[in-house]
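How does the following fold in three dimensions:
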Amino acid sequence: MRYAFVDGAYLLDAIPGLIEGIYDEPYEIEPSELMSQLRSQKVFFYDAIRESSGGLDASQQAKLMEREHLHERLSNAYNYHVREGSVREKIKKGDKPEQKEVDVYLAVEAMTHVYRHNAEEVSLLTGDSDFIPLVRELVQMGAIVNLFGKESTPARLRAAADNFTVINYAWLWHSAPHEWKERNPLITEAPVSALGNQHSPNSLIGYLDGSELLTLSYQNTKAISVKDTGKIFMGSRVEDLKRYMRKFYNADFTLSGG
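Presented below is the predicted three-dimensional model:
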């Protein structure tokens, strides 16, 4: 069996910087798609949320309710198990509340399932170097350990695992509900040379940092090409692409005539 152990706070903290803000529609996780992305048959999700909304402003209360709703959805999903730790409230003003028990809970359960031979392959989603001893021990016990984390995941943690998969915009997009993905097309990047001559003539629609912004059609798929960069962006809407460029390239483009 292939089991996944997810550091919930790490995953949820990664979402704003990797996919939120690109589309008009808020991003959400689909349990079955997340399980597929983790290449697992059973998922254990570890997180901790406040028991009370006292002292929170409206925005913080909304986020708390979203987190509670996610826990409920995951708990009710097939082969999902949510483990909740506790939250130690901030001592000084401005301090971030600290999760307690979560890391230990994850480590103990991962070790237990491998020791009992319930799991032969483990997917661990985290970027916390505190899990290096756990990963090394799981490998020594004979489990195949697949690590999932952001680009910033420490090299020592990556090296301890058997495989490493980067969590990025595309990975999160594939973890969303099918209907959401149909309404919010994936933006992919590729070199213009990959198209060869099998595309329609270019038409100028604007400029990106002084480079011409062109549209073209390739195998019935809309694409946007940024001249002089040698890159194309496939399957995107113009407004989505503008937000994508702001988020990942710190750049913006203006449309012709506007």
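
what number of residues lie near His178?
For His178, the neighbour count with other C-beta atoms under 10 Å is 9. C-beta: built from backbone N, CA, C; applies to glycine.

any idea how far it lies from Ser36?
According to C-beta to C-beta, to the nearest Å, His178 and Ser36 sit 11 Å apart.

Ranking helices and strands of the protein by mean pLDDT, which lands last?
Sorted by mean pLDDT, DSSP states H and E, the helices and strands of the chain end with strand 203-208, the least confident at a mean of 47.

Helix or strand: which one has the residue nearest the centre of the chain?
By C-alpha atoms, centre = their mean, the chain has its centre lying nearest to Leu172, at 3.7 Å. Under the criterion of DSSP states H and E, Leu172 resides in helix 169-174.

in that helix, what's buried?
169, 171-173 (16 or more other C-beta atoms under 10 Å).

Give me the spatial nearest neighbour of Ser123, chain neighbours excluded.
Counting by C-beta to C-beta, 6 or more residues apart in numbering, Ser123 lies nearest to Ala4, which is 4.0 Å off, once chain neighbours are set aside.

That neighbour in helix, strand or coil?
strand (DSSP: H, G, I helix; E, B strand; the rest coil).

before we move on, what about Phe148?
Of the three states, Phe148 takes strand according to three-state DSSP.

ok, how many other residues are close to it?
Neighbour number of Phe148 under other C-beta under 10 Å is 25.

So it sits against Ile167, correct?
Yes: with contact defined as C-beta atoms under 8 Å, Phe148 and Ile167 form a contacting pair (5.6 Å).

Over to Ser123. Which of the three states is it?
Criterion first, three-state DSSP; result for Ser123: strand.

rewinding a little: Provide a list of residues in contact with the residue nearest to Ser123.
35, 38, 40, 42-44, 122-125 (C-beta atoms under 8 Å, 6 or more residues apart in numbering).

Relative to Phe233, how far out is it?
31 Å.

Name the residues contacting each of Phe148 and Ile167.
Leu125.

Against Glu101, how distant is Ile29?
Ile29 is 23 Å from Glu101, by C-beta to C-beta.

out of these two, which sits in the busier spot?
When neighbours are counted by other C-beta under 10 Å, Ile29 comes out ahead of the other of Ile29 and Glu101, with 19 against 14.

Confirm the more buried one sits in a strand?
No: checked against three-state DSSP, Ile29 lies outside a strand; its state is coil.

Sketch out the helices for the stretch 151-258 of the chain, chain order is fine.
Counting by DSSP state H, counting those that start in this stretch, the stretch 151-258 of the chain has helices at residues 155-160, 169-174, 178-183, 238-249.

The ones you listed into CSV, with extra columns for distance to Val135 and mean pLDDT?
Listed next are the helices of the stretch 151-258 of the chain as CSV, based on distance: least, C-beta to C-beta, whole Å; pLDDT from 0 to 100:
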stretch, distance to Val135, mean pLDDT
helix 155-160, 4, 98
helix 169-174, 20, 97
helix 178-183, 31, 96
helix 238-249, 29, 81
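
Columns distance to Leu70 on top of these, output as TSV?
Shown next, in TSV, are those (distance: least, C-beta to C-beta, whole Å):
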stretch	distance to Leu70
helix 155-160	25
helix 169-174	14
helix 178-183	15
helix 238-249	23
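
centre of the chain versus the helix or strand hosting Met65, how much separation?
Met65 is part of helix 58-76, with elements assigned from DSSP H and E. Put simply, helix 58-76 sits 17 Å off its chain's centre (C-alpha atoms, centre = their mean, to the nearest Å).
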